[in-house]
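Student: Please find the sequence and the predicted model below.
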Amino acid sequence: MTTAKRIAFLGLGVMGSPMAGHLAAAGHHVTVYNRTASRAEKWLADHQARGHSVAMAATPAEAAAAQDLVLTCVGNDADLAQVTLGDDGALAAMKPGACFVDHTTVSPAIARQISDAAAARDLLALDAPISGGQAGAENGKLSIMCGGSDAAMAAAHDIISIYAARVTHVGDAGAGQATKAVNQICIAGILAGLSEGVRLADANGLDMDKLLSAISGGAAQSWQMENRWATMAREEFDFGFAIDWMRKDLAIALSEAKDRGLSLPITALVDQFYAQVQAQGGARQDTSALIRHLPKGDA
């Protein structure tokens, strides 16, 4: 194990809570903050019962003071700005030389803004969005795409590797978030194809298990196929990465493309399909519920 560090973790949602837990289990002293204090209180009680070195704070600034690293995993650009740049934000309270790491999926623009603000305070900063879903967070098998300086990457690598299967330094500030936008575009396109494939297979009366065995070993194979084909065929969606969050991420991707003079017609179309599923009550269902926008054919 690396030398025990003092770490603040801001944001204890379905991703942040297990990630912070992995750090505490690894022997680091972890101070947590969550906007809904009751969630932080529960996390604290759970980890104190396991003998971990943990604490909670009432504000992001209180959590960040005197820490070696401050990690965030919140909701969106506005949430991130509040916990980092606001009156009680983390950056103002961090000691010089400390490292700030953001795991939220946000715009590349705010990642660069935070990097600049951190540099002005002699802090290191890394935008490090994650992929792998709730299961990846719970099992410590996330994929993390990092944007920032070599120094920031060196300061954060061993810590974030505790809950990751893959950590990749993809470029300067904002590059991590741009990479995550590409990731979400690719997932959306794959799910659109899977949705149509499942509907055609069902209309032809095919055995779904045999079909999956037949095609998942070839060029059509993907993580989504391996992990979502069967549940899509059974119309099971009450788990996983919510459509609300996917639409937030696709909005970032579409905005970034517009700023770069690009058109993403397939992504824009899939986003509208997701809007239809939201209107049908699927806002909190897994992204594989995209199939709900397609009516079933005749078997």
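Tutor: Ah, there it is.
Student: Give the residue spans of the stretch 1-150 of the chain that score low on pLDDT.
Tutor: Low-confidence segments of the stretch 1-150 of the chain (pLDDT under 70): 1-2.
Student: Tell me, how many residues neighbour Gly16?
Tutor: By the measure other C-beta atoms under 10 Å, the count of residues near Gly16 is 24. C-beta: built from backbone N, CA, C; applies to glycine.
Student: Sorry, wrong one. I was asking about Gly189.
Tutor: 16.
Student: and if you look at the one 5 residues further on?
Tutor: Applying other C-beta under 10 Å, we find 21 other residues in the vicinity of Leu194.
Student: same question, Ser195
Tutor: Neighbour tally, Ser195, other C-beta under 10 Å: 21.
Student: Please apply the same query to the one 10 residues further on.
Tutor: Burial of Gly205 is recorded as 8 neighbouring residues (other C-beta under 10 Å).
Student: Can you pull up the most central residue in this protein?
Tutor: Ile130 (4.2 Å; C-alpha atoms, centre = their mean).
Student: Can you name the residues bridging to that residue?
Tutor: Residues in a beta bridge with Ile130, per DSSP bridges, are Ile144.
Student: and it, what is it in contact with?
Tutor: Neighbouring residues of Ile130 by C-beta atoms under 8 Å, 6 or more residues apart in numbering: 15, 73, 103, 105, 136-137, 142-144, 164.
Student: Check the residues you listed and tell me the two furthest apart.
Tutor: Thr105 and Ala164 (15.4 Å; C-beta to C-beta).
Student: Which of these two has more residues huddled nearby?
Tutor: Thr105 (28 against 23).
Student: which residue ranges form the strands in the protein?
Tutor: For the chain, the strands defined by DSSP state E cover 6-10, 29-33, 54-56, 69-72, 99-102, 124-127, 130-131, 142-148, 164-171.
Student: list the helices and strands the longest one packs on?
Tutor: Counting contacts by 3 or more C-beta pairs under 8 Å, 6 or more residues apart in numbering; DSSP states H and E, the secondary-structure elements packed against strand 164-171 are strand 142-148, helix 150-160, helix 175-203.
Student: For Phe9, find the nearest of those.
Tutor: Nearest of the helices and strands packed on strand 164-171 to Phe9, taken as C-beta to C-beta: helix 150-160 at 10.5 Å.
Student: Pull the residues that contact that closest one.
Tutor: 2, 5, 7, 23, 28, 69, 71, 99, 101, 124-126, 128, 144, 146, 167, 169.
Student: Stretch 282-297 too?
Tutor: Contacts of stretch 282-297 (C-beta under 8 Å, 6+ apart): 187-188, 191-192, 194-196, 198-200, 202-203, 224, 228, 231-232, 235, 237-244, 246, 270, 273-274, 276-277, 280.
Student: Please pick the buried ones from the residues you listed.
Tutor: 187-188, 191-192, 194-195, 198-199, 202, 224, 228, 231-232, 237, 240-243, 246, 270, 273-274, 277 (16 or more other C-beta atoms under 10 Å).
Student: so what are the domain limits for the protein?
Tutor: 6-172, 179-293 (automatic domain parsing).
Student: can you tell me the distance between the two ends of the shortest one?
Tutor: According to C-alpha to C-alpha, to the nearest Å, domain 179-293 extends 28 Å from its N-terminal end residue to its C-terminal end residue.
Student: what do you get for the first one?
Tutor: In terms of C-alpha to C-alpha, the two terminal residues of domain 6-172 are separated by 25 Å.
Student: so what's His22 up against?
Tutor: Taking C-beta under 8 Å, 6+ apart, we find His22 in contact with 140, 162-163.
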